[in-house]
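> Quick check, what structure comes out for this input:
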Amino acid sequence: MLTFKLWLVRSEEERHYTNYCLERSQKIIKKVPLHFRIPPIEEMPLKENFCFHASRLASTNKNVPRLIEAAKKYGFNLKLAGYLHGVLEKNWLETLIGDAENIEYVGEVSEKELWNLYKHAKVFALPSLQEGVGMVALEAAAYGCEIVLTNYGAPKEYYGGRAILVNPMNVDEIGEAIMTAMNRGYAQPELMYYMNENYSEKACCQLLDKYIQEAISLK
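Reported below is the predicted structural model:
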């Protein structure tokens with residue numbers, strides 16, 4: 001029978017699941033968060049007044065219909081990026097957007113185009129119904145976006161109280177939070193510095209190395 005010295009998780013939620021469902025000892029379960037995958041920046045970029053969202057847009061868990069509804073109701077500028085599979089999904093998104101002039105689908109963007117959108121967006125919204133970590137929001141925060149985030153699940157663990165949390169089922173909560181972040185700000189540039197300090201590749205790899213060395217030293 002295999003004996004584990006180290007079991008890695010991405011969040012406290014995963015730690016709880018691992019401990020409860022897989023019956024692993026808390027002593028060997030260590031949290032090593034995911035690092036953002038984009039080159040870090042040190043200075044706050046110049047921002048424009050739009051909210052950005054990138055995802056597999058038609059995936060039900062991404063909650064894009066409610067985000068679009070919030071943009072229509074509250075009037076903020078919304079840019080959507082991401083893959084759409086075939087004519088049916090493209091028609092689905094076009095129908096949701098309708099004749100709203102403040103909502104734009106910018107397509108499936110390249111890596112550099114994505115970084116540029118992160119740099120220019122004032123707000124990034126990820127009001128998911130289900131999400132593991134939400135890497136796009138993590139990256140957006142590292143590039144100076146205010147973050148409006150689902151209060152469901154593990155993603156909120158990564159922000160140290162510096163994201164505006166919303167009930168993803170509530171269109172008004174989503175809209176009001178985005179308007180607050182757009183008009184008054186919330187946690188930037190402190191959030192950008194917090195991301196660089198805690199979720200850069202260097203920071204996460206140092207933590208991983210620490211736990212591996214501790215596990216190796218166990219008899």
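
> looking at it, residue 122 is touching residue 182, isn't it?
Yes - using C-beta atoms under 8 Å, residue 122 makes contact with residue 182 at a distance of 5.5 Å. Yep, even glycine has a C-beta here, placed from its N, CA and C like the rest.

> hey, what's in contact with both of the two?
Common neighbours of residue 122 and residue 182 are listed as 49, 51, 146 (criterion: C-beta atoms under 8 Å, 6 or more residues apart in numbering).

> can you count the residues close to the second one?
It stands for residue 51. Neighbour count of residue 51, defined by other C-beta atoms under 10 Å: 29.

> Contacts only, for it.
Applying C-beta under 8 Å, 6+ apart, we find residue 51 in contact with 71, 76-79, 121-125, 148, 178, 182.

> Is it possible to mark the buried ones in the residues you listed?
The neighbour-count test (16 or more other C-beta atoms under 10 Å) applied to the contacts of residue 51 identifies 71, 76-79, 121-125, 148, 178, 182 as buried.

> Just the ones in strands from the residues you listed, please.
Residues of these located in strands (DSSP state E): 78, 79, 121, 122, 123, 124, 125, 148.

> Work out the gap between the helix or strand of the chain with the lowest mean pLDDT and the centre of the chain.
Between all helices and strands in the chain, the lowest mean by mean pLDDT, DSSP states H and E belongs to helix 12-21, at a mean of 76. On the basis of C-alpha atoms, centre = their mean, to the nearest Å, helix 12-21 sits 21 Å off its chain's mean C-alpha point.

> Which elements pack onto the top helix by length along the chain?
Criterion DSSP state H: the longest helix present in the chain is helix 201-217. Of the remaining helices and strands, none touches helix 201-217 by 3 or more C-beta pairs under 8 Å, 6 or more residues apart in numbering; DSSP states H and E.

> ok, and for it, which residues are buried?
204, 207, 208, 211.

> Can you report phi and psi for the residue sitting nearest the centre point of the chain?
By C-alpha atoms, centre = their mean, the chain has its centre lying nearest to residue 137, at 2.5 Å. Phi and psi for residue 137, reported as degrees, to the nearest 10, are phi -70, psi -40.

> Chain neighbours aside, what residue packs nearest to it?
Computed as C-beta to C-beta, 6 or more residues apart in numbering, the closest residue to residue 137 that is not its neighbour in sequence is residue 126, at 4.3 Å.

> Now do the contacts for that neighbour.
Going by C-beta under 8 Å, 6+ apart, residue 126 touches 53, 55, 134, 136, 137, 147, 148, 149, 150, 155.

> For the last one, give me its contacts.
Neighbour list for residue 155: 126, 128, 131, 132, 133, 134, 137, 149 [criterion: C-beta under 8 Å, 6+ apart].

> Model confidence for it, exactly?
On pLDDT, residue 155 comes in at 92.

> for the first one, same thing?
For residue 53, the pLDDT comes out at 98.

> how many other residues sit next to the residue lying closest to residue 147 once chain neighbours are set aside?
Distances taken as C-beta to C-beta, 6+ apart put residue 163 closest to residue 147, at 4.0 Å, once the chain neighbours are dropped. When neighbours are defined as other C-beta under 10 Å, residue 163 has 26 of them.
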